[in-house]
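In: quick one, fold the following:
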Amino acid sequence: MGSACNEVRALRTKIEDVDKMLAKDSLKLLALGRSRSNQFRLLDKMLAKDSLKLLALGRSRSNQFRLLDKLKLMSVVLQTQPTLQLLLSSSDFVAALELISSTQEVLAKKLAGVTSLRHLPSQLKEMSRLIDKMLSTEFESGRIIATTAPPVFRDLQTRSYVEDDMEHCLTGSGEAPPSLDSSHWLQVLSLASEALGKLVQRVKAVHDVIKHTAEMSAGLPVHNDYRSNTDKFLSLEEFGRVEVKLRDLLASVCDYCHERLASLVSTQSDKQSITANQIMELSDIVENFTDLCEKICGRQSPALKAAFKIQAGNYVHKFHSSRKNKLTLLLDAERWKTADVPAEFQLLVDKIASGEPLKSIPSSPVEDNNKKLLNRVANSLKIGNQEYVTVGTVLILIRLVSEYCVCAYDLPILAVVVGRNLAELLRTFNSRSCQLVLGAGALRTAGLKTITSTNLALTSRALQLVLWLIPHVRAHFTSISNDMISSLDAVERDIGNHIQQLENKILSIMNILLGDQLNEWDAKPPVPSKAFRNVSRHLTKLYEAVGPVLPEEQVGDLYEVVHDNFKIRLREQLAKMNIRNNGGPQHGVVTSELTFYIETMKGLKVLPDSFTTSKAMEDIWNR
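Out: Predicted coordinates for the structure are as follows:
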């Protein structure tokens, strides 16, 4: 046993020795591997990475040299324009053209695609055209220089300088920053129009000097003492050509100024709001500049007025859209009930009725102590000998119509457009009110429970007020523009038809109510019967609904139709019941019922006396 234990112990000792040896060998192997890895990294850095880095540095250096050459070339190209100015000032046109040609070649071949130089080719092209023009001028003036006196030479040189100065001043005059608000935009316009006006006047002054010199050179009579000292070297034919050229020059300058100012007018964005006063200020600027140029060159240029018309058209479109939307919202919320009339609306209607052009909306009336009568209201609008009981939306409509009239007066150039928009506004009011009342749309939009005879009568009276308004509006627009607004005639007809439909609706309601009562009526005591008492009640309610709203003549016409329809229905009912005018008991009952009906009509005082007699009812017995 002891020997076995010793053997096991010896074996374990050997195993531990082997493990220690293996551990030492493993550590040596790891250290050797780490050393080999470091050597490989060092070898890779020395043989590969450093070489590649040298190549990259060489390429970067080459690129930087090429970039430096490009920058130097760009620097030289950017000096082209100052150099051209120096060459032109010394009249070295050949060198200037060679410089332009070489610069264009460099831009096309070596500097193509450079963003900062993208505008330079077009500028060089314009400069080349300018040199061509200057060469032509020099060539044409060479003959004159050789034969004319020094004053003529100085005048022609001055003309050339003025043309160059004009082109320099007008270049880019229409490029305004789009971020300007309306007030600053108008200020820029005013300053630009003043500057261009002065420039046109300067050109006109030079034009007059050159023309005067040409007249002296042609031997024409002039009002000064220089004619005797000037040689005559221009024939009348040549003088005529010079005069035509000068006239064309003046017209071209005015046209170009109009175009540049028109481009400045057109820069105003539709997103920028503009007021009526600003439109008027813009109109004054355009008119003043147009009149100045027309006096100078003798004809009109259309560009500026066309640009103004576009801006004014945008304003009129926004003006119309906002008021049309406002009217639509008011109509949808209208409950079709009578509204009080503030004093300012009565004053506005009186102003319209006076027949004078509506230049502005009248302010609120004031008392002697200068306090506004804001609390003074009336039940109706008084126009002549009539009173118009109406709804609140129509009062707002009257003010909107007045605003259209004032807008047309302020912008006579667009009076026809404003008139068509006004006709569309009135057409919208007519059609929408028809949908809301006759079509019962107000039950949904305004929450009405039912459309009553009062609603129908108020709508009819409101449309009658609009009908009264249309002739005055037509006269106002006719005084501004000779073009008639035919669309107002169509609106007038549509409103008249709508009023008739409303009356027919009231009559239809009454015809149904009275017909239902007659269908339930039986010619038996007691008298008056329940049916005829209901007939009397319906007639009274109708008067309560339409009497305070409609004029007496229209109420009388309504009741005449109701009366005639009632007699027709009663005649049919008597024939159906086989009741005759024979003095019998049923005839006596009918006579008593008719007496009650006639007394009701007399009490309402809506029919002439000839309609409320017993003889007037005898035709119900006719078969």
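In: and for residue 49, the neighbour number?
Out: Per other C-beta atoms under 10 Å, the neighbour tally for residue 49 reads 11. (C-beta placed from N, C-alpha, C; glycine too.)
In: tell me the buried residues in stretch 547-556?
Out: Across stretch 547-556, burial judged by 16 or more other C-beta atoms under 10 Å covers 547, 548, 549, 550, 554, 555, 556.
In: which other residues reach that stretch?
Out: 338, 386, 389, 454, 457-458, 460-461, 503, 543, 546, 558, 606-608 (C-beta atoms under 8 Å, 6 or more residues apart in numbering).
In: let's see it at 7 Å
Out: Stretch 547-556 is contacted from outside by 386, 389, 454, 457, 458, 460, 461, 546, 606, 607, using C-beta atoms under 7 Å, 6 or more residues apart in numbering.
In: any chance of the residues you listed in TSV, plus neighbour count and distance to residue 17?
Out: What follows is those, written out as TSV (neighbours: other C-beta atoms under 10 Å; distance: C-beta to C-beta, whole Å):
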residue	neighbour count	distance to residue 17
386	14	135
389	19	128
454	18	124
457	25	127
458	28	123
460	23	127
461	24	127
546	23	131
606	23	140
607	18	145
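In: which two among those are spaced furthest apart?
Out: Farthest apart among the contacts of stretch 547-556 by C-beta to C-beta are 458 and 607. That separation is 23.2 Å.
In: I'd like the buried residues of stretch 547-556 laid out as JSON lines, including secondary structure, pLDDT and distance to residue 328.
Out: Formatted as JSON lines, the buried residues of stretch 547-556 follow (DSSP: H, G, I helix; E, B strand; the rest coil; pLDDT from 0 to 100; distance: C-beta to C-beta, whole Å):
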{"residue": "547", "secondary structure": "coil", "pLDDT": "91", "distance to residue 328": "31"}
{"residue": "548", "secondary structure": "coil", "pLDDT": "92", "distance to residue 328": "28"}
{"residue": "549", "secondary structure": "coil", "pLDDT": "92", "distance to residue 328": "24"}
{"residue": "550", "secondary structure": "coil", "pLDDT": "92", "distance to residue 328": "26"}
{"residue": "554", "secondary structure": "helix", "pLDDT": "92", "distance to residue 328": "28"}
{"residue": "555", "secondary structure": "helix", "pLDDT": "93", "distance to residue 328": "31"}
{"residue": "556", "secondary structure": "helix", "pLDDT": "92", "distance to residue 328": "35"}
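In: out of these, who's nearest residue 579?
Out: Residue 579 lies nearest to residue 556 out of these, by C-beta to C-beta, at 30.2 Å.
In: quickly list the domain ranges of this structure.
Out: Segmentation of the chain into domains, based on automatic domain parsing, reads 2-78, 148-300, 315-503, 521-621.
In: among those, which is nearest residue 115?
Out: domain 2-78 (11.4 Å).
In: how far off centre is that closest one?
Out: 77 Å (C-alpha atoms, centre = their mean, to the nearest Å).
In: toward the C-terminus, what is the element adjacent to the worst-scoring helix or strand of the chain on mean pLDDT?
Out: One helix or strand of the chain scores below all others by mean pLDDT, DSSP states H and E: helix 150-170, with a mean of 53. Per DSSP states H and E, helix 150-170 leads on to helix 182-217 as the next helix or strand towards the C-terminus.
In: what's the next helix or strand after that following helix packed up against?
Out: Remark: after helix 182-217, the chain's next helix or strand is helix 236-266, criterion DSSP H and E. Contacts defined by 3 or more C-beta pairs under 7 Å, 6 or more residues apart in numbering; DSSP states H and E place helix 236-266 against helix 150-170, helix 182-217, helix 276-297, helix 302-333.
In: among those helices, which comes closest to residue 28?
Out: That would be helix 182-217 among those, by C-beta to C-beta, at 87.2 Å.
In: which neighbouring elements make contact with that closest one?
Out: Helices and strands touching helix 182-217, by 3+ C-beta pairs under 7 Å, 6+ apart, are helix 150-170, helix 236-266, helix 276-297.
In: send the alpha carbons of the last one over as PDB?
Out: As requested, the backbone C-alpha atoms of helix 276-297 are provided in PDB (Å, rounded to 0.1, in the frame of the first residue of the first chain):
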ATOM      1  CA  ALA A 276     -56.800 101.100 -51.300                       C
ATOM      2  CA  ASN A 277     -54.700 104.100 -50.400                       C
ATOM      3  CA  GLN A 278     -51.500 102.400 -51.600                       C
ATOM      4  CA  ILE A 279     -53.200 101.500 -54.900                       C
ATOM      5  CA  MET A 280     -54.200 105.200 -55.300                       C
ATOM      6  CA  GLU A 281     -50.600 106.200 -54.600                       C
ATOM      7  CA  LEU A 282     -49.400 103.700 -57.200                       C
ATOM      8  CA  SER A 283     -51.900 105.100 -59.700                       C
ATOM      9  CA  ASP A 284     -50.600 108.600 -59.100                       C
ATOM     10  CA  ILE A 285     -47.000 107.500 -59.700                       C
ATOM     11  CA  VAL A 286     -47.900 105.700 -62.900                       C
ATOM     12  CA  GLU A 287     -50.000 108.600 -64.200                       C
ATOM     13  CA  ASN A 288     -47.400 111.200 -63.400                       C
ATOM     14  CA  PHE A 289     -44.600 109.300 -65.100                       C
ATOM     15  CA  THR A 290     -46.700 108.400 -68.100                       C
ATOM     16  CA  ASP A 291     -47.800 112.000 -68.600                       C
ATOM     17  CA  LEU A 292     -44.200 113.200 -68.400                       C
ATOM     18  CA  CYS A 293     -43.000 110.700 -71.000                       C
ATOM     19  CA  GLU A 294     -46.000 111.400 -73.200                       C
ATOM     20  CA  LYS A 295     -45.200 115.200 -73.200                       C
ATOM     21  CA  ILE A 296     -41.500 114.500 -74.000                       C
ATOM     22  CA  CYS A 297     -41.800 111.900 -76.700                       C
END
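In: list the buried residues for that helix?
Out: Neighbour counts over helix 276-297 (16+ other C-beta under 10 Å) mark 278-279, 281-283, 285-286, 289-290, 292-293, 296-297 as buried.
In: check the second one too.
Out: Taking 16+ other C-beta under 10 Å as the neighbour-count basis, helix 236-266 is seen to contain the buried residues 239, 242, 246, 249-251, 253-265.
In: and what of stretch 597-614?
Out: Quick answer for stretch 597-614 (16+ other C-beta under 10 Å): 597, 598, 600, 601, 604, 606, 607, 611, 612.
In: between the residues you listed, which is nearest residue 320?
Out: residue 606 (42.7 Å).
In: so where is the stretch 251-400 of the chain shaky, pLDDT-wise?
Out: Applying pLDDT under 70 to the stretch 251-400 of the chain picks out residues 269-272, 364-375.
In: equivalent analysis for the stretch 501-623 of the chain, please.
Out: Within the stretch 501-623 of the chain, the segments meeting pLDDT under 70 span 623.
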